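give me a 3D structure for the following:
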Amino acid sequence: MPIRAVLWDIDDTIFDYTSADRTGMRRHLRAEGLPDGYASIEEALVRWREITDVQWARFSAGETDWEGQRRDRVRSFLGRDLSDAEADGWFARHLAHYEAAWALFPDFLPALELLAADYRHAVLSNSSTHNQDRKLRTLGVRDRFEVLLCAVELGVSKPDPGAFHAACDALHLAPAEVLHVGDHPDIDAAGALAAGLAAVWLDRAGLGGRPELVTISGLDQLPALLRRDTRFGAPSTFR
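Sure thing, here's the model as predicted:
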C-alpha cells in the first residue's frame, strides 16, 4: 500500500526544541539568578532537562496534567515548595525567553517543499494543541499541515497506538498509508510501527543502535528515502 501522508513530530524533529530550551533557560537564569544548589548554569541546564524528561514521562503516562507537569518541573528544579501561582509565574518568565529562541531546523522547509506535491502532511505531538498551534503559527508553517493532533486533547499520547490511529482517522487513511517521522526511537518510530504505520527515526545525534528501525540523520535524506524505499511502497506522484 503506497504512502500518502507524512505524519510529523514537532519538537526536536522539525523545531529545534533542545536549542531553544537551553538558550531560553540560560537567559532566564541570568535574569533570575542561579538557584541554590547549582555550581554553574551548565549544571543547572543539565538538571532542568533531566527533570523535564521525568515530568514529561509522568504526563505521557497520565500521572499528571499539563499544568501539573509544568509546576512540578519548577518545584523540582528550584527545590522549593512553591504555590501554584508562584510556580506558574516562574515558568511564564522562562517561557518568554524560550519562545524568543524558537527556530525551525534548517533542513525542514527544503524537505517539505520536495514532498509537498506528492504527500499530504499532518502533525502528531505529545503536547497541547494550544501550545503547538501557536508555535507552528509563530514559525510560519501551520498552514502546511492538514491536521494537528496533540496528546492533551486526545487523552492519549505516543507511543500508544490510539494516538497514531487518531491521526490516521483524521486523515481518512489506513495506518499503512501513513509514514511517521520523529526524533525518538521508541515513542515515535517503534510506537508508529506497532500501530501499523510506516516509520522513520530521525537520529540527528547519530546515536544508532537500532538496526530494526529505518533511520536518517537529517530531513534532507527523507525525500529520496520515501521515493526509493520499496518497504514504504511510496508512489512517485500523489493522486
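
going forward, measure contacts between C-alpha atoms and count neighbours the same way
Will do.

tell me which residues of stretch 67-75 are tucked away?
Neighbour-count burial for stretch 67-75, counted by 16 or more other CA atoms under 10 Å, picks out Gly68, Gln69, Arg70, Arg71, Asp72, Arg73, Val74, Arg75.

do stretch 101-120 as well
Buried residues in stretch 101-120 (16+ other CA under 10 Å): Ala101, Trp102, Ala103, Leu104, Phe108, Ala111, Leu112, Leu115, Asp118, Tyr119, Arg120.

and for stretch 181-196?
So for stretch 181-196, counting by 16+ other CA under 10 Å, buried means 181-193, 195-196.

distance of the spatially closest residue to Ala198 that is not a sequence neighbour relative to Phe164?
Once flanking residues are discounted, Ala198 sits nearest to Leu179: 4.5 Å by CA to CA, 6 or more residues apart in numbering. Distance from Leu179 to Phe164, counting by CA to CA, to the nearest Å: 10 Å.

mutual contacts of the two, please.
When contacts are counted by CA atoms under 8 Å, 6 or more residues apart in numbering, Leu179 and Phe164 have Leu197 as shared neighbours.

can you tell me how far the residue lying farthest from the centre of the chain sits from Phe77?
Residue farthest from the centre of the chain, counting by CA atoms, centre = their mean, is Asp36 at 30.9 Å. Remark: distance between Asp36 and Phe77 (CA to CA) = 10 Å.

how long is stretch 119-138 end to end?
24 Å.

buried residues in that stretch, which are they?
In stretch 119-138, counting by 16+ other CA under 10 Å, buried: 119-129, 132-133, 135-136.

picking that back up, now, the buried residues of stretch 181-196 that are in strands?
When the buried residues of stretch 181-196 are checked against strands (DSSP state E), the matches are Val181, Gly182.

can you name the two of the buried residues of stretch 181-196 that are farthest apart?
Using CA to CA, the buried residues of stretch 181-196 span at most 18.3 Å, a distance reached by Asp183 and Gly196.

what helices or strands is the longest helix anywhere in the chain leaning on?
In the chain, taking DSSP state H as the definition, the longest helix is helix 41-60. Here helix 41-60 touches helix 17-32, helix 66-78, going by 3 or more CA pairs under 8 Å, 6 or more residues apart in numbering; DSSP states H and E.

what's the average pLDDT for the longest one?
Spelled out, it's helix 17-32. Mean per-residue pLDDT for helix 17-32: 96.

this structure: helices as residue ranges?
17-32, 41-60, 66-78, 84-100, 108-115, 129-138, 151-154, 161-171, 191-194, 222-228.

winner for burial among those helices?
Most buried of the helices of the chain, by mean neighbour count (mean count of other CA atoms under 10 Å): helix 191-194, with a mean of 21.

just give me the neighbour total for the closest residue in space to Ala111 that isn't next to it in sequence.
For Ala111, ignoring the flanking residues on the chain, the nearest one in space by CA to CA, 6+ apart is Asp220 at 5.6 Å. Asp220: 17 surrounding residues under other CA atoms under 10 Å.

need the contact list for Asp220.
Contacts of Asp220 by CA under 8 Å, 6+ apart are Asp107, Phe108, Pro110, Ala111.

quick check: the closest residue to His97 other than its chain neighbours vs Met1, distance?
In space, and not counting its chain neighbours, His97 is closest to Gly24: 4.4 Å by CA to CA, 6+ apart. Taking CA to CA as the measure, Gly24 falls 44 Å from Met1.
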